[in-house]
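Novice: can you look at this prediction? I've put the sequence above it.
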Protein chains: 2
Amino acid sequence: MSNTPLRLPPLKSLLAFRHAARSLSFKDAAGQLHVTQAAISQQIKTLEETLGVPLFERHTRQISLTHEGQYLFEHAEKAFELLETGVKGIIDDPNPNTLVISTLPSFASRWLVSRLGHFQEKEKDINIHLSPSLSLASFSDGNLDLSIRLGQGTYAGLRSDLLFDEFLLPVCHPALLNNTKEIKQQLAALPVITDGGPDLIHVWPEFQRYLGSTNTPLKSHLHVSDSTILIEALLSGQGITMARFSLVYELIEKGQLICPLPIYVKSYYSFYLVAPAPHFKHHKVTTFISWLKGETKTIEASWQAYLKAHPELEKLEISYGKIEDGC
Amino acid sequence: MSNTPLRLPPLKSLLAFRHAARSLSFKDAAGQLHVTQAAISQQIKTLEETLGVPLFERHTRQISLTHEGQYLFEHAEKAFELLETGVKGIIDDPNPNTLVISTLPSFASRWLVSRLGHFQEKEKDINIHLSPSLSLASFSDGNLDLSIRLGQGTYAGLRSDLLFDEFLLPVCHPALLNNTKEIKQQLAALPVITDGGPDLIHVWPEFQRYLGSTNTPLKSHLHVSDSTILIEALLSGQGITMARFSLVYELIEKGQLICPLPIYVKSYYSFYLVAPAPHFKHHKVTTFISWLKGETKTIEASWQAYLKAHPELEKLEISYGKIEDGC
DNA sequence: CGCCATAGTTAAGAAATACTTAACCATAGA
DNA sequence: TCTATGGTTAAGTATTTCTTAACTATGGCG
């Protein structure tokens, strides 16, 4: 007998065979594999032609295994059980009691950290490791369970679930404004604070147009490294910015910051839960996501309440060119 | 943990992974699987994304397995070994000492049977079961090893290897002709013997044209069930036919039959060895085929010698319409 | 007994997957 | 320092798998 290495028949047809042989029904096998009966029929036919032997006897509406079919089934069943065991062991959570989350430092410090106590009290057997990151952290080394990012949800090879949409408001310290001049004039004189978020880049032209100073450079400009610093700069009265609602709405509610103009923008970035698809099946992840979605409902509720309390708010429509994926 | 049934990742990517993990080289895995290195690279990437974990660590030009990769490899290796064992057991010959051959009764009786003694003497451990059949016998019940058919070699789901080409000659008993009249006139008066072979149907119009009697029905017509009877009819002087060279050349050499006209036709049917592809790997089949090809060289040699001895032979070109697959 | 539902089959076309090619990157070795 | 090597990726092509629709041969029910 030749020693040339064996070339397996199409593996899909072997899997189809295994299911058909186990249930002795092409129809049932089709249901199990989420394909049509015709697909199974064709797969089995191809397999029989490739192997050169019949694997089933046909009895019009029923099938039974031939001797060779029985022999092959015994091997195929064990083989696919092994594959299933191996794959399941891979995608099962190797560390079910520790949830490693990466998110924006600003979102972590301004919103999430202060709420995590509630989660930990509720879920005592899940430890949270919060890992701030300005950009999408890599899942490639296997040490990260979930990422909460602001972006477009288009991360290659990863699943992204929308958490909540983001809105941008003009925000500053109340002490920066008084009644001696018109608000727009006062604002035009304030430094603008930016943090490099790509969704903001497209907003300034509109902002300036609203202030009536189209196509002139920003008078004064404070650029900070991320939104955490940006919020601190706002709170210390360094200037004005279009701030993300999720980060400032509690400060506005407390009167520590104000929204001096009746305008807002819907960011084309939203907050997403991002991870490899199998991570979304881990108990600790699904538990955290359920809790988080409950908590972020307060952001959405606050936004709706804010809109209701300020009917004069006007939505600026931004025209975008090439949009980055997000951060 | 959810009880929803596990859906395996693409099986091809698991096989690619297995080979890459075993040799720790995408390049080597590509060679083993007869694809390009890029294909393996993409398969592994897809698998890692689907499973949500890295399986290899990359070191520019080298790879090593991660912990999860090692775990999965152990399962995958065993699983594919099982599949290979099962498949090999299927396509290996369950009955290596008995070769069941189906062929045309005419070819069996006129040519093959008388030579099989030589084969059996040469190969004492292979028993031949010769099973005459007017049409292609089914391989579906697993009791047939090889078929020798006259056709176009286009049998669905089966492999067909050309054995030899067939030629058609006008043949009759020598006693049917004398010197009193011109040969063509005498032949036109003879009954035509046919056996239903589709390759003959298209020949008669040309035959008649050659005799100078275009578009008139055959004067007299003896139809028999197959070529075995046809040869007996020829030998008993019942008429003329366009006979297959392989069946009559020995009778012509002995003077028992003659070819009264210097014409011939190349049949669009040829003799083929037909079987499910794996059967061509069985030792008994390859042994028989080697022997048979040696023996059928005498037919081809005889044909070439016949052409050389009769340089006046003219090849008639037949125009065909829709052609049947053969028998 | 006739009709309807059922499971398997097949052909043709569409959808999805896998592969190739070419260009690229980061080394390692000569 | 330059070249060869193994892995990566994008774009386009080839192949495989699937769906749909029509078909066949039952088996069971009214």
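Specialist: Ah, there it is. Not measured: the values here are computed from a predicted model.

Novice: run through the neighbouring helices and strands of the lowest-mean-pLDDT helix or strand in chain A.
Specialist: The helix or strand of chain A with the lowest confidence, counting by mean pLDDT, DSSP states H and E, is helix A:198-201 at a mean of 76. Under the contact definition 3 or more C-beta pairs under 8 Å, 6 or more residues apart in numbering or on different chains; DSSP states H and E, helix A:198-201 sits against strand A:159-172, strand A:263-275. Yep, even glycine has a C-beta here, placed from its N, CA and C like the rest.

Novice: what's the average pLDDT for the first one?
Specialist: It refers to strand A:159-172. Average pLDDT, strand A:159-172: 92.

Novice: which parts of that strand are buried?
Specialist: A:R159, A:S160, A:L163, A:F164, A:D165, A:E166, A:F167, A:L168, A:L169, A:P170, A:V171, A:C172 (16 or more other C-beta atoms under 10 Å in any protein chain shown).

Novice: is any residue of that strand near chain B?
Specialist: No. Strand A:159-172 lies out of reach of chain B by C-beta under 8 Å from any C-beta of the partner chain, never closer than 8.9 Å.

Novice: hang on, the earlier thing: JSON lines for the helices and strands packed on helix A:198-201, including distance to DNA strand C?
Specialist: Putting the helices and strands packed on helix A:198-201 into JSON lines (distance: least, C-beta to the nearest atom of the strand, whole Å) gives the following:
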{"stretch": "strand A:159-172", "distance to DNA strand C": "15"}
{"stretch": "strand A:263-275", "distance to DNA strand C": "21"}
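
Novice: let me have these in TSV, extended by distance to B:W291.
Specialist: As requested, the helices and strands packed on helix A:198-201 are arranged in TSV below (distance: least, C-beta to C-beta, whole Å):
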stretch	distance to B:W291
strand A:159-172	62
strand A:263-275	65
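
Novice: figure out which of those strands is closest to A:W111.
Specialist: Proximity to A:W111 (C-beta to C-beta) singles out strand A:263-275 among the helices and strands packed on helix A:198-201, at 10.0 Å.

Novice: could you check the angle strand A:159-172 makes with the next helix or strand after the closest one?
Specialist: Next along the chain after strand A:263-275, taking DSSP states H and E as the criterion, comes helix A:283-309. Here helix A:283-309 runs at an angle of 40 degrees relative to strand A:159-172 (axes from the mean of the first three to the mean of the last three C-alpha atoms, to 10 degrees).

Novice: mind checking how far helix A:283-309 is from the chain centre?
Specialist: A distance of 15 Å separates the C-alpha centroid of helix A:283-309 from that of its chain, computed with C-alpha atoms, centre = their mean, to the nearest Å.

Novice: got the angle for that helix vs strand A:263-275?
Specialist: If you take the same axes, to 10 degrees, helix A:283-309 sits at 170 degrees to strand A:263-275.

Novice: the next helix or strand after helix A:283-309: partners in the sheet, and parallel or antiparallel?
Specialist: As assigned by DSSP H and E, the chain's next helix or strand after helix A:283-309 is strand A:314-315. Strand A:314-315 sits in its sheet next to strand A:263-275 (parallel), going by DSSP bridges.

Novice: chain center to the partner strand: distance?
Specialist: With C-alpha atoms, centre = their mean, you get 11 Å for strand A:263-275.

Novice: rounded mean pLDDT for it, please.
Specialist: 91.

Novice: can you tell me the element the residue in chain A positioned nearest to DNA strand C falls in?
Specialist: With C-beta to the nearest atom of the strand, the shortest gap between chain A and DNA strand C falls at A:A38, namely 2.9 Å. Taking DSSP H and E as the definition, A:A38 sits inside helix A:37-51.

Novice: packing partners of that helix?
Specialist: If contacts are counted by 3+ C-beta pairs under 8 Å, 6+ apart, helix A:37-51 sits against helix A:11-23, helix A:26-33, helix B:67-91.

Novice: DNA strand D is nearest to which of these?
Specialist: If you check each of the helices and strands packed on helix A:37-51 against DNA strand D by C-beta to the nearest atom of the strand, helix A:11-23 wins as the nearest, at 3.8 Å.

Novice: circling back to that earlier point, can the helices and strands packed on helix A:37-51 go into CSV with extra columns for mean pLDDT and distance to B:A188?
Specialist: Converted to CSV, the helices and strands packed on helix A:37-51 look like this (pLDDT from 0 to 100; distance: least, C-beta to C-beta, whole Å):
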stretch, mean pLDDT, distance to B:A188
helix A:11-23, 96, 59
helix A:26-33, 95, 60
helix B:67-91, 94, 56
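
Novice: please identify the most buried of those.
Specialist: Among these, helix A:11-23 has the highest mean neighbour count (mean count of other C-beta atoms under 10 Å in any protein chain shown), at a mean of 21.

Novice: re the thing from before, just the buried residues of the helix holding A:A38, please?
Specialist: Buried residues in helix A:37-51, counted by 16+ other C-beta under 10 Å: A:A39, A:I40, A:S41, A:Q43, A:I44, A:T46, A:L47, A:E48, A:E49, A:T50, A:L51.

Novice: ok, those residues vs A:Y268, which is closest?
Specialist: Proximity of these to A:Y268 (C-beta to C-beta) peaks at A:A39, which lies at 40.7 Å.

Novice: isn't the closest one right next to A:A30, touching?
Specialist: Yes. Between A:A39 and A:A30 there is a contact under C-beta atoms under 8 Å: 6.6 Å.

Novice: residues near A:R209, how many?
Specialist: Neighbourhood size, A:R209 [other C-beta atoms under 10 Å in any protein chain shown]: 12.

Novice: name the SS class of it, please.
Specialist: When classified by DSSP: H, G, I helix; E, B strand; the rest coil, A:R209 comes out as helix.

Novice: what's in contact with the host helix or strand of A:R149?
Specialist: Using DSSP H and E, A:R149 falls within strand A:146-151. Applying C-beta atoms under 8 Å, 6 or more residues apart in numbering or on different chains, the contact partners of strand A:146-151 are A:99-104, A:107, A:112, A:133, A:136-137, A:139, A:155, A:163, A:166, A:197, A:199, A:244, A:267, A:269-275, A:279, A:285, A:288-289, A:292, A:325-327.

Novice: would you mind checking those residues for buried ones?
Specialist: Among these, those scoring as buried are A:99-104, A:107, A:112, A:133, A:136-137, A:139, A:155, A:163, A:166, A:197, A:199, A:244, A:267, A:269-275, A:279, A:285, A:288-289, A:292, A:326-327 (criterion: 16+ other C-beta under 10 Å).
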